[in-house]
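*Asks:* Have a look at this prediction, sequence included:
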Amino acid sequence: MDFEELIAAALAVVAPRRVQGRLVGDVGAALLTEDGNRYVGVCIDTACGTGFCAEASAIAAMVTAGEERIARIVAVWRDERDDRIYVLPPCGRCREFIRQLHPANLDTEVVLGMNRWSPLRDLLPDHEWPQPLN
């Protein structure tokens, strides 16, 4: 699955709506696993901060299906004012979440644009457990 297909899969689940005054579904994510399976998810915003990012939603679907290794991941947002689409890099929490799920996920291709990506390891510097001071 190329970048354009993965971006389209993430965009296909974007469906912004208000739930009790909070915005949900305005960011969509899609990931491709090492086994070639695709999972999608949307963000959920909550008043008390317990919501989660679209990437976490897609990852939860993947884990539910019994997989842990992410080959490629992308998140997208559509600006409803001008209908422009943006690829969003994962936040720090999601970067760490991806890393901790499986050691090989440091090599996950994080899509940053139509023809641009970075391995997770480059977006998460100093990811190794620190050495003791003494």
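*Replies:* Perfect, I can see it now.
*Asks:* those helices in the chain, which residues are they?
*Replies:* Assigned helices in the chain, in chain order: 3-12, 54-64, 92-101, 120-123 (criterion: DSSP state H).
*Asks:* among these, which is the most enclosed?
*Replies:* helix 54-64 (a mean of 21; mean count of other C-beta atoms under 10 Å). For every residue, glycine as well, the C-beta is placed using N, CA and C.
*Asks:* Show me what that helix is packed against.
*Replies:* Packing contacts for helix 54-64, counted by 3 or more C-beta pairs under 8 Å, 6 or more residues apart in numbering; DSSP states H and E, involve strand 22-33, strand 38-44, strand 70-79, helix 92-101.
*Asks:* Now with 6 Å, please.
*Replies:* Secondary-structure packing of helix 54-64 (3 or more C-beta pairs under 6 Å, 6 or more residues apart in numbering; DSSP states H and E): strand 22-33, strand 38-44.
*Asks:* Could I get the helices of the chain in TSV, plus columns for distance to Leu133 and mean pLDDT?
*Replies:* Listed next are the helices of the chain as TSV, based on distance: least, C-beta to C-beta, whole Å; pLDDT from 0 to 100:
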stretch	distance to Leu133	mean pLDDT
helix 3-12	43	97
helix 54-64	33	97
helix 92-101	23	95
helix 120-123	25	96
